[in-house]
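Engineer: Here is a sequence together with a model predicted from it:
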Amino acid sequence: WSSDVCSSDLLDSLLQETLEMKLLLLCALFGAALSEVFFEEQFNDGDAWESRWVQSAHKDDLGKFVLSAGKFYGDAEADKGLQTSQDAKFYALSAEHKPISSKDKPMVVQFTVKHEQNIDCGGGYVKMFDCSLDQKDMHGESPYNVMFGPDICGPGTKKVHVIFSHKGKNHLIKKDIRCKDDVFTHLYTLVLNPDQTYEVLIDNEKVESGSLTEDWDFLPPKMIKDPEASKPEDWDDRAKIDDPEDVKPEDWEKPEHIPDPDATKPEDWDDDMDGEWEPPMIDNPEYKGEWKPRQIDNPAYKGPWIHPEIDNPEFNADDAKDLGKYDEFCKMGLDLWQVKAGTIFDNFMITDDPAEAKKAGEDLWAVTKEAEKTMKDAQDEEDRKKAEEEAKADEEEDDEDKDDEEVKDEEDEEESEETADHDEL
């Protein structure tokens with residue numbers, strides 16, 4: 001009987017474990033099925049990208065994007081992306097994608113940026129628009145939902161922008177997120193969650209996170225200073241006052257500088273020529289400085305006056321419920337200015353699954369980054385050797401020129417001597 005019970009318990013336990021495993025597998029499959037990629041662009045089909053991306057015609061002198069993997073890369077084909085090709089230009093290019101909302105699920109935007117030109121001043125960010133954007137007329141003032149990505153200008157600006165639009169106004173993040181400023185490809189990811197939290201990742205590593213309500217000034221303050229209140233005229237906020245009983249000593253006043261008593265007029269001093277002699281001035285050892293009465297506690301002191309506050313009539317708590325919750329994202333654009341062109345944008349993705357974006361980063365960016373650096377290092381070494389050879393050749397040429405000059409000088413000297421001998425004859 002005891003053996004039968006043990007066998008029955010073991011069977012129940014095995015059945016329970018099997019059921020749990022199936023349930024976990026089902027949840028994983030169900031979650032994967034629910035996640036969705038709304039936009040993906042890797043530029044792997046040659047010039048076909050031009051049919052998916054729209055060049056703005058808002059200005060007739062906008063910069064041109066070209067398809068390129070750059071001067072160094074990890075994979076000549078896989079690393080091809082959109083490269084800015086003209087210096088000192090505005091760029092305006094956009095692509096439409098399947099609409100996504102951030103109201104009930106995460107919105108994840110990810111892309112790679114490579115400033116191989118060692119950029120001095122220019123943007124490397126994207127803007128995310130709703131479906132109303134006229135792509136042919138996209139420009140710097142076109143309303144957007146989100147702006148995200150690196151921005152560099154000189155040594156003072158090297159940041160990652162995270163800007164959200166709320167009620168027609170663009171709000172910059174209050175935190176300073178430093179971007180990468182080298183010449184290699186880097187992966188930038190923004191995760192906007194429906195619970196109004198966010199994450200920023202660079203190269204698949206979290207560099208910043210928090211809440212929208214704390215890290216942006218979307219809403220006016222809850223309380224404001226009462227405009228009707230003012231400090232009473234008789235309010236005394238001086239903690240200390242001059243002691244009315246204290247008086248300055250009669251011998252206090254002494255000059256700060258006095259004539260040097262040890263100085264004597266030089267023997268060669270001529271009053272007619274040099275003027276009347278005056279001894280130099282020195283610090284007066286008896287000088288006590290400006291007299292000030294001692295301080296005592298102020299019997300009328302009331303403490304610092306604090307401006308009373310009232311509820312801000314412009315604050316509406318319900319406004320906070322909609323922060324970061326956009327009805328639709330429908331189009332993505334590169335709307336930027338660059339002084340020195342050469343930046344390459346690639347591996348765009350918009351999804352509702354942070355794990356999907358992370359995997360894409362590993363599959364597309366991480367697999368080529370080492371090869372990219374290796375190629376760049378080899379190019380740098382080749383350039384170094386070439387520079388050394390050129391410097392050596394220039395040095396040898398200078399030596400030859402110097403030798404030629406010395407020979408010429410000797411010949412000129414010999415010719416001069418022969419001329420002198422001839423003249424003597």
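Structural biologist: Perfect, thanks for sending it.
Engineer: Okay, strands next: where are they in the stretch 251-400 of the chain?
Structural biologist: Secondary structure of the stretch 251-400 of the chain (DSSP state E, counting those that start in this stretch): strands at 257-259, 281-283, 295-297, 309-311, 329-338, 343-351.
Engineer: and residue 367, which of the ones you listed is closest to it?
Structural biologist: Nearest to residue 367, of all the strands of the stretch 251-400 of the chain, is strand 343-351, at 11.3 Å by C-beta to C-beta. Where C-beta positions appear, they are placed from N, C-alpha and C, glycine not excepted.
Engineer: in its sheet, what does that closest one sit against?
Structural biologist: Strand pairing for strand 343-351, determined by DSSP bridges: strand 37-41 (antiparallel), strand 81-84 (antiparallel), strand 107-115 (antiparallel).
Engineer: So which of the ones you listed is nearest residue 47?
Structural biologist: Closest to residue 47 of these, according to C-beta to C-beta: strand 81-84, at 11.8 Å.
Engineer: Save the strands of the stretch 251-400 of the chain as TSV, and put in mean neighbour count, mean pLDDT and distance to residue 218 too.
Structural biologist: Formatted as TSV, those follow (neighbours: other C-beta atoms under 10 Å; pLDDT from 0 to 100; distance: least, C-beta to C-beta, whole Å):
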stretch	mean neighbour count	mean pLDDT	distance to residue 218
strand 257-259	13	93	62
strand 281-283	12	94	61
strand 295-297	12	96	46
strand 309-311	11	95	18
strand 329-338	23	97	18
strand 343-351	24	98	23
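Engineer: what sits against residue 80?
Structural biologist: Residue 80 makes contacts with 43, 44, 67, 68, 69, 346, as judged by C-beta atoms under 8 Å, 6 or more residues apart in numbering.
Engineer: Report all helices and strands that the longest helix that the chain contains contacts.
Structural biologist: Identified as the longest helix of the chain according to DSSP state H is helix 367-424. Helices and strands touching helix 367-424, by 3 or more C-beta pairs under 8 Å, 6 or more residues apart in numbering; DSSP states H and E, are strand 185-192.
Engineer: Mind checking the pLDDT average for the strand it packs on?
Structural biologist: For strand 185-192, the mean per-residue pLDDT is 98.
Engineer: what's the angle between it and strand 329-338?
Structural biologist: With axes from the mean of the first three to the mean of the last three C-alpha atoms, to 10 degrees applied, the angle from strand 185-192 to strand 329-338 works out at 140 degrees.
Engineer: what lines up beside strand 185-192 in the sheet?
Structural biologist: Strand 185-192 has these strand partners (DSSP bridges): strand 107-115 (antiparallel), strand 197-202 (antiparallel).
Engineer: Can you give the contact residues for that strand?
Structural biologist: With contact meaning C-beta under 8 Å, 6+ apart, strand 185-192 is reached by 74, 79, 102, 106-114, 146, 148-150, 160, 162, 179-180, 198-204, 324, 344, 346-347, 354, 357-358, 361, 365, 368-369, 372.
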